[in-house]
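1. predicted model, plus sequence, below.
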Amino acid sequence: MTAVPLAERIEETASALRDRLAAEPTLTNPHVVLVLGSGLGDVVELLDPEPRLHIPYGELPNVPSSGVVGHAGEVVAGMVGGRPTLILAGRAHAYEGHTHAEVTLLLRATFRIGAQAVLLTNAAGGLNPVFEPGDLMLLTDHINLSGQNPLTGPNVDILGTRFPAMTDAYDAELAGRAWAAAGRAGVPLRQGVYLMLSGPSFETRAEMRMLRDLGADAVGLSTVHEVIVARHAGVRVLAISLITNMATPDVAEGATHEEVIAMGRIGAARLTAILRQLLPEIA
Ligand code: HPA
């Protein structure tokens with residue numbers, strides 16, 4: 001069996017997505033894609049109730065479903081501020097046995113149907129000691145310690161160049177709008193560097209100390225691979241972490257997935273308040 005090249009699989013997924021969105025003509029041509037992290041599924045309520053399309057990942061070719069609790073695993077298409085918007089509710093992770101190329105395939109397919117900006121969200125552990133659980137952190141930069149790169153393998157020329165720059169990966173204009181939106185929503189925002197690990201085990205105390213020394217403010221198991229494929233494709237990036245737990249060496253106990261999901265529910269309300277202000281401006 002010869003493997004189908006990644007570029008063709010992305011096109012196949014893009015075309016399936018395009019076909020499904022055609023069921024609601026107002027929902028075709030979304031310019032913004034929002035990716036929701038652990039426990040943040042409630043953010044979907046940001047979309048107008050009608051029209052909405054729910055497309056389970058399992059109904060799209062080449063898209064791995066997530067087996068992780070707190071990750072619904074569906075594309076939700078709807079309107080925000082009169083503009084069509086796509087939400088990827090839940091993500092599959094490399095720790096479930098997928099490559100980064102596989103788990104970013106759907107996002108890359110959205111670029112092929114016209115998405116020009118991505119808003120990425122995640123749950124993360126706070127390495128910066130001034131952070132507190134419940135804080136939202138705007139990503140200013142990242143460190144990829146996941147051990148993988150989603151661009152490994154033949155370059156997908158139709159999306160971008162072999163060696164994309166990652167300086168200034170996080171869009172300054174979108175970040176400025178996020179600060180203003182947070183101000184209007186009355187939600188405090190922090191900013192910092194996000195560091196991606198592969199997981200699924202959480203960090204030892206020695207690792208927490210090391211990651212902080214490396215210059216990171218938050219640690220998590222996602223997002224960076226999505227930023228890389230977005231910048232490869234010239235798509236603008238805004239990313240926000242919800243600090244669900246502290247990952248400082250002095251924490252009484254390590255985080256649990258349940259804690260991450262429960263804090264996600266609380267954080268989702270504050271994140272929604274910001275996105276409600278922000279999305280209509282950029283959609
Ligand atoms: N470590 C890694 N990933 C996470 C954490 C953490 O402490 N919390 C939420 N996602």
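-> Happy to help now that I have it.
2. what sits against Glu281?
-> By CB atoms under 8 Å, 6 or more residues apart in numbering, Glu281 lies in contact with 81, 177, 181. (C-beta placed from N, C-alpha, C; glycine too.)
3. which SS state does the nearest residue to the first one once chain neighbours are set aside fall under?
-> What it means is Gly81. Residue nearest to Gly81 in three dimensions, not counting chain neighbours: Pro280, with 2.6 Å by CB to CB, 6 or more residues apart in numbering. Secondary structure, DSSP: H, G, I helix; E, B strand; the rest coil: Pro280 is helix.
4. and Pro280, how many residues sit next to it?
-> When neighbours are counted by other CB atoms under 10 Å, Pro280 registers 16.
5. right, and it touches Thr85 too?
-> No - the criterion here is CB atoms under 8 Å, and Pro280 misses it with Thr85 at 9.5 Å.
6. Leu278 is in contact with Trp179, isn't it?
-> No - if you go by CB under 8 Å, Leu278 and Trp179 don't touch, sitting 9.8 Å apart.
7. would you mind telling me which of those two has more residues around it?
-> Shown here are Leu278 and Trp179; by other CB under 10 Å, Leu278 has more neighbours (25 against 15).
8. give me every residue that touches the closest residue to the more buried one other than its chain neighbours.
-> With sequence-adjacent residues excluded and distances taken as CB to CB, 6+ apart, Leu278 is closest to Ala181, at 3.9 Å. Contact analysis of Ala181 by CB under 8 Å, 6+ apart lists 274-275, 277-278, 281.
9. could you list the residues of this structure in contact with the ligand?
-> Residues of the chain lying near the ligand by CB under 6 Å from any ligand atom: 123-125, 202-203, 219-221, 244-245, 247, 255, 260.
10. pipe the residues you listed into CSV and attach neighbour count per row.
-> Formatted as CSV, those follow (neighbours: other CB atoms under 10 Å):
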residue, neighbour count
Ala123, 26
Ala124, 32
Gly125, 28
Phe202, 18
Glu203, 22
Val219, 26
Gly220, 26
Leu221, 23
Thr244, 30
Asn245, 20
Ala247, 27
Ala255, 18
Val260, 23
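11. quick one: pLDDT of Arg91?
-> Looking at Arg91, its pLDDT is 88.
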